[in-house]
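Trainee: A predicted structure for the sequence below; I have some questions about it.
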Amino acid sequence: MIVTDTKWLPDLSNAGRSKYKALALAIRRGVNAGALPRGEKLPTVRDLAYRLGVTPGTVARAYSMLTDDGLLVAEVGRGTFVAMRGDNSHAKMDPLIHQVDEETADFRSSRVPDVGQGRLIDDAIIRLGQAHKRRHINYPTQQTDLEARQAVTQWLGIRRLGDFGADDVVLGNGAQHCCILSLMNVLTGPNPVVLTEELAYPGARHAARLLRAKVVGIAMDDEGIIPAALAEAYRLHGGQVLLTAAEVHSPTTIKTSLARKTEIAALAKHIGLVIIEDDCYTISPTDVPAYREILPEQSYLLSSLTKSVSGALRFGFIVAPKGQGTSLRQVAQSSFYGVAQPILDVCTDLLNSGVAAKVRSDVIDRTAYRVSLAADILGHWRLRSRSDAPFIWLELPSGWRASSFAIACERRGVAIRPADEFVLSNARAPNAVRLAVNTCVSEDLFIQALRDMNDLLGNPVQSIDG
């Protein structure tokens, strides 16, 4: 293993600019050669970075890439290990989800704020129990989930999606599950390729890995994906699907304009590229049509109630391309039979009663307020924010790297997500961090955490990078 008393140490002197790739390759070769035995613990990011003379971000990206590939596994509080063959016993829980701790200023996960929806959901469950519908025994079917699909149709409306109905809607257990179902309906062949933004929500990598798909990042500007870069990536790598968050992009908050969407849709139509639009962060009304309206025969839209009502419900939905609702529903039924009937009935009640709309309105107001607090304290730095996006994108000033800033914040009890966690393996991480504003803490602790970050930003500590 790579420890202080071992003779094994990779030589990165000729690695060029992609040192993290060279380090990942060296670790892979060390495992294959037996120099790094299965189950052995690797050094901490900071320790290995110091010994190799590289930044912690370089080591973190190499570890992250190999963890995504299954060669390494990580455990919170224990460290990073070489994976055992056919054994995931060391694997940590999915890092897309972090434990809620209201005593910690955790800006990593974008959660829905608490606006009293827990009690409202309890009330809906009580109403459901009193209704005695007598259908909570058998499997859900296309008939028993029809009311929920009709409610979703009304919830989404046709203004952004064009002509669609309940038969075009397929339900899943949250947006991540809906993303996987959509990809399953599109991807074919032994070496599928998914194209997406060069900075992407980590769930995109997880979904692609489950389906044995290669993920290729597309260069972006202030309007999102650059059409010429998309065309070039398709020429070099091929691809069957473009997975994009065009309305509220995580982590940057970028919104793709109608003109840019129209250009991308025209290119997708020309090359036969299916578009899956992840719309889960869109909680406020918008005047930009979804790809499902611009290119209805080749576009999916997926969303959920997670960011607008409650993450506990795990209720997601897909609007399939025209004429493909049946095939997508078959994929869903073959995969998991269907969303549990009690969840279908509770969510239908919330949607039809107006409770979900009231909660969403309160969530929009609370999110805008938290964004305004963050902008008041951090606004003199290079900040990208929107009142309708539950996170902000902070470009770090000279003297800070994202990895060292994250370490400094952690020492003050503040958890953040550096850009490294969003970058794909074929792209370079910008020197920035994402801060989720609906962190589950009191307003006083939220403000104090922002002030701590502001203080750190103005006082870089170069030595943290080792």
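Mentor: On my side now, so go ahead. Numbers count the residues shown, from 1 in each chain.
Trainee: in this protein, where is pLDDT below threshold?
Mentor: By pLDDT under 70, the weakly predicted segments of the chain are 1-8, 13-17, 75-77, 85-103, 133-134, 425-427, 462-466.
Trainee: using the record's assignment, carve it into domains.
Mentor: 1-92, 105-111+357-465, 119-353 (automatic domain parsing).
Trainee: would you turn those domains into CSV with mean neighbour count?
Mentor: For glycine as for every other residue, the C-beta is placed from the backbone atoms N, C-alpha and C. Below are those laid out as CSV (neighbours: other Cβ atoms under 10 Å):
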stretch, mean neighbour count
domain 1-92, 16
domain 105-111+357-465, 19
domain 119-353, 19
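Trainee: got the contact list for L146?
Mentor: A166 (Cβ atoms under 8 Å, 6 or more residues apart in numbering).
Trainee: going forward can the numbers begin at 318, since that is how I track them
Mentor: Done: numbering now begins at 318, and the last item shifts to L463.
Trainee: what about it, distance to L488?
Mentor: Relative to L488, L463 is positioned 10 Å away (criterion: Cβ to Cβ, to the nearest Å).
Trainee: which residues in the stretch 468-617 of the chain form helices?
Mentor: In the stretch 468-617 of the chain, helices defined by DSSP state H, counting those that start in this stretch lie at 492-503, 519-527, 544-554, 575-588, 608-611, listed in chain order.
Trainee: turn the ones you listed into JSON lines, including distance to T513.
Mentor: Rendered in JSON lines, the data for these read as follows (distance: least, Cβ to Cβ, whole Å):
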{"stretch": "helix 492-503", "distance to T513": "11"}
{"stretch": "helix 519-527", "distance to T513": "5"}
{"stretch": "helix 544-554", "distance to T513": "10"}
{"stretch": "helix 575-588", "distance to T513": "13"}
{"stretch": "helix 608-611", "distance to T513": "14"}
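Trainee: so what's R425 up against?
Mentor: Applying Cβ under 8 Å, 6+ apart as the definition, the contact partners of R425 turn out to be 415, 732-734, 753.
Trainee: got it, and V648?
Mentor: For V648, the contacting residues are 498, 501-502, taking Cβ under 8 Å, 6+ apart as the criterion.
Trainee: 10 Å - rerun?
Mentor: When contacts are counted by Cβ atoms under 10 Å, 6 or more residues apart in numbering, V648 is found next to 487, 497-503, 641.
Trainee: any chance of these in JSON lines, plus distance to D604?
Mentor: Output for these, formatted as JSON lines (distance: Cβ to Cβ, whole Å):
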{"residue": "V487", "distance to D604": "26"}
{"residue": "I497", "distance to D604": "30"}
{"residue": "L498", "distance to D604": "29"}
{"residue": "S499", "distance to D604": "25"}
{"residue": "L500", "distance to D604": "29"}
{"residue": "M501", "distance to D604": "32"}
{"residue": "N502", "distance to D604": "29"}
{"residue": "V503", "distance to D604": "28"}
{"residue": "Q641", "distance to D604": "27"}
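Trainee: pick out the most distant pair among these.
Mentor: By the measure Cβ to Cβ, I497 and Q641 form the most distant pair in these, at 16.2 Å.
Trainee: one step back: looking at the helices of the stretch 468-617 of the chain, which is nearest to K336?
Mentor: Proximity to K336, assessed across the helices of the stretch 468-617 of the chain by Cβ to Cβ, is greatest for helix 519-527 (20.7 Å).
Trainee: pull the CA atoms of that closest one into CSV?
Mentor: What follows is the C-alpha trace of helix 519-527 in CSV, where atoms were taken according to Å, rounded to 0.1, in the frame of the first residue of the first chain:
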residue,chain,number,x,y,z
PRO,A,519,-22.7,13.7,-9.8
GLY,A,520,-25.9,11.7,-10.2
ALA,A,521,-25.3,11.8,-13.9
ARG,A,522,-22.1,9.8,-13.5
HIS,A,523,-23.7,7.4,-11.1
ALA,A,524,-26.6,6.7,-13.5
ALA,A,525,-24.3,6.2,-16.5
ARG,A,526,-22.0,3.9,-14.5
LEU,A,527,-25.0,1.7,-13.6
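Trainee: show me what the strand or helix carrying Y367 is packed up against.
Mentor: Using DSSP states H and E, the secondary-structure element containing Y367 is helix 362-369. When contacts are defined as 3 or more Cβ pairs under 10 Å, 6 or more residues apart in numbering; DSSP states H and E, helix 362-369 sits against helix 336-350, helix 373-386, strand 396-399, helix 719-728.
Trainee: coming back round to it: which of the contacts of V648 lies closest to V740?
Mentor: Scanning those for proximity to V740, where the rule is Cβ to Cβ, the winner is L500, at 20.6 Å.
Trainee: which residues does that closest one contact?
Mentor: 509, 511, 521, 524-525, 527-528, 530, 557-558, 560, 591, 593, 617, 648.
Trainee: nearest to A749 among the residues you listed?
Mentor: Proximity of these to A749 was ranked by Cβ to Cβ; the top entry is A521 with 18.3 Å.
Trainee: any idea how far the most centrally placed residue in the chain is from S567?
Mentor: When the chain is reduced to its mean C-alpha position, the closest residue under Cα atoms, centre = their mean turns out to be Y518, at 3.1 Å. Distance check for Y518 against S567: by Cβ to Cβ, it reads 5 Å.
Trainee: joint contacts of those two?
Mentor: Between them, Y518 and S567 share the contacting residues 427, 595, 597-598, 739, 751, judged by Cβ under 10 Å, 6+ apart.
Trainee: on that earlier part again, from the contacts of R425, which two are the most distant?
Mentor: Most distant of those, by Cβ to Cβ, are H415 and I733, 11.6 Å apart.
Trainee: list residues touching both of these two?
Mentor: The contact sets of H415 and I733 overlap at 423, 425, 753 (Cβ under 10 Å, 6+ apart).
Trainee: closest to A339 among these?
Mentor: Of all the shared contacts of H415 and I733, the one with the least separation from A339 (Cβ to Cβ) is R425, at 28.4 Å.
Trainee: how about the closest one, phi and psi?
Mentor: phi -80, psi -50 (degrees, to the nearest 10).
Trainee: show me where the stretch 368-517 of the chain has strands.
Mentor: Counting by DSSP state E, counting those that start in this stretch, one finds strands in the stretch 368-517 of the chain at the ranges 389-392, 396-399, 422-423, 486-489, 510-514.
Trainee: from the contact counts, what lies against the lengthiest helix in the chain?
Mentor: Secondary structure assigned by DSSP state H gives helix 672-695 as the longest helix of the chain. In terms of contacts (3+ Cβ pairs under 10 Å, 6+ apart), helix 672-695 is packed against helix 434-448, helix 463-473, helix 658-670, strand 699-701, strand 708-712, strand 749-753, helix 760-774.
Trainee: one step back: ok, the contacts of R425 vs S704, which is closest?
Mentor: The shortest separation between S704 and any of the contacts of R425 is 14.8 Å, and it belongs to A753 (by Cβ to Cβ).
Trainee: wait, isn't that closest one in contact with T570?
Mentor: No: counting by Cβ atoms under 10 Å, T570 is not a contact partner of A753; they are 11.5 Å apart.
Trainee: which neighbours do those two have in common?
Mentor: Both A753 and T570 are in contact with 706-709, where contact means Cβ under 10 Å, 6+ apart.
Trainee: which pair in those residues spans the largest distance?
Mentor: Using Cβ to Cβ, the pair of these lying farthest apart is P707 and I709, separated by 9.1 Å.
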